[in-house]
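K.L.:
Just a sequence and a predicted model for now, questions to come.
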Amino acid sequence: MDQMSFHHDTVLSDVHMLLPNTCHLMNRLNAVGQPVFTSKFKILSDGERLKKNSKEDEKKDVTVTERKDGEEAGGNVVTYLDEDGDLDVRHRPRKNPAEGIIRDLASPIILKQSSPILELDDESLDEANNCCKDIVRIEHTMATPLEDVGKQVWRGAFLLADFILSEPAMFRGATVLELGAGTGLTSIIMATLAKRVYCTDVGEDLLSMCKRNVMLNRHMMDTEGGEVRVRQLDWLQYDLCTDTDEFSWTQEEVADLYDNTNFIIAADVCYDDDLTDGLFRTLYRLCSNLNHSCTIFISLEKRMNFTLRHMDISCEAYDHFRQCLSQLNNLVDRQCSFSVEQLTCNFSQFLLYERIDQLELWKVTAEYNRSGQARSDSDQSSVNTTLPTV
């Protein structure tokens, strides 16, 4: 624990920071010494979604009246301003604790690091089996360095999960590949409808956490046999590893992936230019090896930052993502063609989070050209120069 500290590149997901009425419980340290928390996310029923929407409509009808004297007039919310016109926040007065009540001091418990191979104990298994079908339990870390952001839950995963749940007929019985799955939340939601989900990422510690989350949510899987298989897929190497490791692919799985994959999904994975380049090269290689058409859904949050280089607000990672989309859309290839479309995000919200305007969902359709011939050397050269390079 003494070695744990915050650095300049430490980031914290808004899901963990802003989610209301949620208690994040730390239950262990992972193999690299990071605290692991467990959070529960509820899938809203039809009645709960209607109730939520009605409350949001009521909030929009509330008018805000600005008065320096703080008197109420014409609205339910009163804004107080100080002498300079700045917002003056007035806190509710706190009551003194009742006399005679003595609270015990809270003492932190130093946990031991878990072994690389982590299995669920009997108590966790019983809790998972008895958990309600509308509750998703996710183990995750918080406030990680940039290279470990996959161990957190991000709003893009919720947006993609909402889209999946709003289109059950589209995904039912499908074979799906998720790239950069992180904690596995979106793959778990997808497995409530799909026949098989290949949940992929890179790094043994992250994949172990993802596999544990899959086991914690077995109650969510489709009763007809929906399953999640956690596998390693490194975009920078594009290697479907078939070694004997726990997260390696079998030859049968590789064949199943290329023969039967209907959809490829990715949620909030475009935050680094090199990784974004690797993502699009991986998408191209995968779709080129399929013998049928495939649909890709990519969700992301358009993050705005102030940079000294521009001395202004910029969205460099998002701009690079859009450039890669444009290159893929304009790619000329005899075997496969791509079309890009941005989808509206007006579908129902099944999970509690803040669906901000910066959340986007993109659809890429990879059309297989049945009359296409094998690529010539000139075709391959054209592809290599068109796709982004590291």
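P.N.:
Nice, thanks for sending it over.
K.L.:
sec struct for A317, please.
P.N.:
Reduced to three states with DSSP: H, G, I helix; E, B strand; the rest coil, the structure at A317 is helix.
K.L.:
Quick check: mean pLDDT of stretch 322-342?
P.N.:
Across stretch 322-342, pLDDT averages out at 91.
K.L.:
what comes up buried for that stretch?
P.N.:
Neighbour-count burial for stretch 322-342, with 16 or more other C-beta atoms under 10 Å as criterion, is recorded at 322, 324-325, 327-328, 331, 333, 335-338, 340. To be clear about C-beta, it is placed using only N, CA and C from the backbone, and glycine gets the same treatment.
K.L.:
Now do the SS call for V269.
P.N.:
Secondary structure state of V269, per three-state DSSP, is coil.
K.L.:
can I assume it is in contact with G180?
P.N.:
Yes. Counting by C-beta atoms under 8 Å, V269 does reach G180; the two are 3.8 Å apart.
K.L.:
Return every residue with contacts to both of the two.
P.N.:
Contact with both V269 and G180 is made by residues L279, according to C-beta atoms under 8 Å, 6 or more residues apart in numbering.
K.L.:
Looking at the two, which is more packed in?
P.N.:
In terms of neighbours (other C-beta atoms under 10 Å), V269 is the more surrounded of V269 and G180; the figures are 26 against 21.
K.L.:
Tell me where the stretch 101-250 of the chain has strands.
P.N.:
135-140, 175-179, 196-201, 227-232 (DSSP state E, counting those that start in this stretch).
K.L.:
Quick one: those as CSV, columns for mean neighbour count, distance to T250 and mean pLDDT too.
P.N.:
Shown next, in CSV, are those (neighbours: other C-beta atoms under 10 Å; distance: least, C-beta to C-beta, whole Å; pLDDT from 0 to 100):
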stretch, mean neighbour count, distance to T250, mean pLDDT
strand 135-140, 21, 26, 93
strand 175-179, 23, 15, 98
strand 196-201, 26, 11, 97
strand 227-232, 22, 9, 96
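K.L.:
Redo those strands as CSV? Include distance to L286.
P.N.:
Below are these laid out as CSV (distance: least, C-beta to C-beta, whole Å):
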stretch, distance to L286
strand 135-140, 26
strand 175-179, 7
strand 196-201, 11
strand 227-232, 13
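K.L.:
Show me the one of the ones you listed that comes nearest F163.
P.N.:
When these are compared for distance to F163 using C-beta to C-beta, the nearest one is strand 175-179, at 12.8 Å.
K.L.:
my guess is Y284 meets C324, correct?
P.N.:
No. If you go by C-beta under 8 Å, Y284 and C324 don't touch, sitting 10.3 Å apart.
K.L.:
pLDDT weak spots in the stretch 101-250 of the chain?
P.N.:
Counting by pLDDT under 70, the low-confidence segments of the stretch 101-250 of the chain come to 101-131, 222-224.
K.L.:
show me what contacts V214?
P.N.:
For V214, the residues meeting the contact criterion (C-beta under 8 Å, 6+ apart) are 184, 187-188, 199, 228, 230.
K.L.:
any idea how far it is from D14?
P.N.:
Separation of V214 from D14 (C-beta to C-beta, to the nearest Å): 25 Å.
K.L.:
G180 now?
P.N.:
Noted for G180: a distance of 18 Å to D14, by C-beta to C-beta.
K.L.:
likewise N30?
P.N.:
22 Å.
K.L.:
For these two, indicate the residue with more neighbours.
P.N.:
Using other C-beta under 10 Å, the more surrounded residue of N30 and D14 is N30, with 21 against 15.
K.L.:
distance of the more buried one from A143?
P.N.:
Between N30 and A143 the computed distance is 14 Å (C-beta to C-beta).
K.L.:
backbone phi and psi for S337, please?
P.N.:
Backbone torsions of S337, given as degrees, to the nearest 10, read phi -130, psi 150.
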